[in-house]
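A.B. asks: show me how the following folds:
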Amino acid sequence: MKNASSVFYASIAIVAALVIMGVTIPDTLESATTNTQAFITDTFGWYYLGIVAVFVLVCFYLLVSPVGRIKLGKPDDKPEFSKPTWLAMLFSAGVGIGLIFYGTAEPISHYAISSPTGELGTDQGIKDAMRFTFFHWGIHAWAIYGTVALVLGYFTFRKGERALISRTLRPLIGKHAEGLFGKIIDTIAVISTVIGVATTLGFGAAQINGGLSYLFDVPSNMTTQTIIVVTVTILFMISALTGLSKGIKILSNLNMGLTALLFIMVFFFGSTIFTLNLFIDTLGGYVQQFVDMSLRIAPLSEESRSWINGWTIFYWSWWIAWSPFVGIFIARVSKGRTIREFVTYVLIVPSLISFLWFTTMGGAAIKAELAGMVSISSLSNEQSLFGVLEGFPMSLALSILAILIIVTFFVTSADSGTFVLGMMTTNGSQNPSTQIKVIWGAFLAITALALLYSGGLQALQNTMIIVALPFSVIMGLMVISLLKSLNKEAKELGIGQIRRPKPKATK
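C.D. replies: Numbers count the residues shown, from 1 in each chain. So this is what the prediction gives:
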């Protein structure tokens, strides 16, 4: 196959084996992933919290460090995309479907079903619910994405390396980056990407099904979800074949526009003042307790630890598993940006946008619950958004708009995923062949369906936590490699060094 590397064939074989197991022995696969996931979260929960905290610290260091002036590219390289389009592309790839899926579901769950602090149904419970939602979708998530993207962008566009995870480790492992060890690293990255993207597609399919079921009584089952996945797969295949600058760019701008429309409608037709007050109050609590939440592992409370495993550790695993895909994609569209500009737009801006979204949607869900209009907490995660929208003017139109947004995010994520997987399995090619992208598109769809069939959304979550562990180690090595290379370049360029004034010439 044209330009396909050995990583392509190894990855396809592993993914195919997983799919076959999901179809032929679904119960065994579900049991195995559940047991493995439980072992990892119980044994390595401290590690997940610690390593993600390190990524956050590194990003903040690069934000204020003199090396922030260094470009992700050559000194005269210019950005390929405008800032609004760039932001739309990285945001759509980063958290798209997740925002829609958990926008109402997570805050209402923390408030009414399972509180992170035990304050169920109280005023303090509302504050805690929103604060931990900010925590899960804010700085930490984007620090994970930003770390991988920054390392890849630096080594690809500044140092002229191929766009491969293995090549970012050259300062540490030298020529082994191109050998067997490097190929193993790239294969792990590909598997992590496939599972991460497939999980997100599974969430998208489940929520589209949930919306159709809530609005039109469409059966919520595997058959319906299969039809949804196949239909959307055809759409993102068409988009993938148009290329990065056309398909993904157009779709990213489209779904950001549609999402903004839904946001505006809920914001202005809902409790606007309540939303603004809740946003400011929650932001204050988030900033004040940032460190405490970052390292909260609850060693003395089994109930609290179970909550952390089910939410925080799950999210950190999701972001890590998805980071090769998001990282490579963000790096690809960020050429020509300085490190400081990159960190600001990838870390701070998307976090604030996410906070506004969750305050508006989550606040509306909590308000509806308090008013007794609709029992949002009694609905499934897939249907909670549609339950909230039922209380708004033009509820059917808003719900249809929400489904359309999910579809466009679904297509964008899968489209970007096929592009990135193509790059990763063709030796870092910036324009992978159509054939490679089509094959990966098909495998993403099949993997999502196999995981849904073998255990629904829980199987998706379990598998993602498992594959995130080995890649988190690779991420740690990538950070060390980046800092080592940046330190060397800073010395060569005289960045951050105190310049002594030249002595005055004596007569």
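
A.B. asks: and Ile14, how far from Phe8?
C.D. replies: Ile14 is 11 Å from Phe8, where distance means C-beta to C-beta, to the nearest Å. In this view, the C-beta of every residue, glycine as well, is placed from N, C-alpha and C.

A.B. asks: which one's more surrounded, those two?
C.D. replies: When Ile14 and Phe8 are compared for neighbours, Phe8 comes out ahead with 24 against 15, by other C-beta atoms under 10 Å.

A.B. asks: name the element that one belongs to?
C.D. replies: helix 6-24 (DSSP states H and E).

A.B. asks: packing partners for that helix?
C.D. replies: Using 3 or more C-beta pairs under 8 Å, 6 or more residues apart in numbering; DSSP states H and E as the contact test, the elements touching helix 6-24 are helix 26-64, helix 180-216, helix 434-493.

A.B. asks: closest one to Thr168 among these?
C.D. replies: Among those, helix 434-493 comes nearest to Thr168, with 5.1 Å by C-beta to C-beta.

A.B. asks: angle of the helix or strand of the chain with the lowest mean pLDDT against helix 180-216?
C.D. replies: Within the chain, confidence by mean pLDDT, DSSP states H and E is lowest for helix 83-102 among all helices and strands, at a mean of 77. When axes from the mean of the first three to the mean of the last three C-alpha atoms, to 10 degrees is applied, the directions of helix 83-102 and helix 180-216 differ by 60 degrees.

A.B. asks: report the contact partners of the nearest residue to Lys83 once chain neighbours are set aside.
C.D. replies: Of all residues not flanking Lys83 in the chain, Tyr345 sits nearest, at 7.3 Å (C-beta to C-beta, 6 or more residues apart in numbering). Tyr345 makes contacts with 83, 86-87, 90, 337, as judged by C-beta atoms under 8 Å, 6 or more residues apart in numbering.

A.B. asks: so which of these is the most crowded?
C.D. replies: Highest neighbour count within these, by other C-beta under 10 Å: Leu90, with 28 neighbours.

A.B. asks: how much space separates that one from Thr259?
C.D. replies: For Leu90, the distance to Thr259 (C-beta to C-beta) stands at 14 Å.

A.B. asks: list the helices and strands the next helix-or-strand element following the least confident helix or strand of the chain packs on?
C.D. replies: Using DSSP H and E, the next helix or strand after helix 83-102 towards the C-terminus is helix 105-112. In terms of contacts (3+ C-beta pairs under 8 Å, 6+ apart), helix 105-112 is packed against helix 123-137, helix 349-371, helix 384-389.

A.B. asks: and the least confident helix or strand of the chain, how far from the chain's centre?
C.D. replies: Centre-to-centre, helix 83-102 and its host chain are 9 Å apart (C-alpha atoms, centre = their mean, to the nearest Å).

A.B. asks: quick one: which of the contacts of Tyr345 is nearest Thr28?
C.D. replies: Nearest to Thr28 among these, with distances taken as C-beta to C-beta, is Leu90, at 38.6 Å.

A.B. asks: and that closest one, what does it touch?
C.D. replies: Leu90 touches 326, 329-330, 333-334, 345-346, 350, counting by C-beta under 8 Å, 6+ apart.

A.B. asks: same check on Leu379?
C.D. replies: By C-beta under 8 Å, 6+ apart, the neighbours of Leu379 are 214, 386-387.

A.B. asks: same check on Ser115?
C.D. replies: Contacts of Ser115 (C-beta under 8 Å, 6+ apart): 125, 128-129, 307.

A.B. asks: would you turn the residues you listed into JSON lines with distance to Glu341?
C.D. replies: What follows is these, written out as JSON lines (distance: C-beta to C-beta, whole Å):
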{"residue": "Gly125", "distance to Glu341": "39"}
{"residue": "Asp128", "distance to Glu341": "34"}
{"residue": "Ala129", "distance to Glu341": "34"}
{"residue": "Trp307", "distance to Glu341": "37"}
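
A.B. asks: neighbour-wise, which one of these leads?
C.D. replies: Tallying neighbours with other C-beta under 10 Å puts Ala129 at the head of the contacts of Ser115, with 28 neighbours.

A.B. asks: burial count for the residue lying closest to it once chain neighbours are set aside?
C.D. replies: Nearest non-adjacent residue to Ala129, counting by C-beta to C-beta, 6+ apart: His110, 3.5 Å away. Residues near His110, counting by other C-beta under 10 Å, number 27.

A.B. asks: out of the contacts of Leu379, which is most surrounded?
C.D. replies: Phe386 leads the contacts of Leu379 on contacts (other C-beta under 10 Å) with 25 neighbours.

A.B. asks: isn't that one right up against Tyr214?
C.D. replies: Yes: with contact defined as C-beta atoms under 8 Å, Phe386 and Tyr214 form a contacting pair (4.4 Å).

A.B. asks: what's the overlap in contacts for those two?
C.D. replies: Listed as contacting both Phe386 and Tyr214 by C-beta under 8 Å, 6+ apart are 379, 399.

A.B. asks: nearest residue to Trp318 other than its sequence neighbours?
C.D. replies: Using C-beta to C-beta, 6+ apart and skipping the chain neighbours, the partner closest in space to Trp318 is Met464 (5.6 Å).

A.B. asks: how about Tyr315?
C.D. replies: Using C-beta to C-beta, 6+ apart, the closest residue to Tyr315 is His136 (4.7 Å).

A.B. asks: for the one you found, give me the pLDDT.
C.D. replies: We have a pLDDT of 97 for His136.

A.B. asks: neighbours of it, how many?
C.D. replies: 23.

A.B. asks: I'd say it and Glu106 touch.
C.D. replies: Yes: with contact defined as C-beta under 8 Å, His136 reaches Glu106; the gap is 7.2 Å.

A.B. asks: quick one: Ile97 from Arg131, how far?
C.D. replies: Ile97 sits 23 Å away from Arg131, going by C-beta to C-beta.

A.B. asks: more neighbours: which of those two?
C.D. replies: Applying other C-beta under 10 Å to Ile97 and Arg131 shows that Ile97 carries more neighbours, namely 27 against 23.

A.B. asks: that one and Thr259, how far apart?
C.D. replies: Ile97 sits 11 Å away from Thr259, going by C-beta to C-beta.

A.B. asks: likewise Thr156?
C.D. replies: Thr156 sits at a distance of 30 Å from Thr259 (criterion: C-beta to C-beta).
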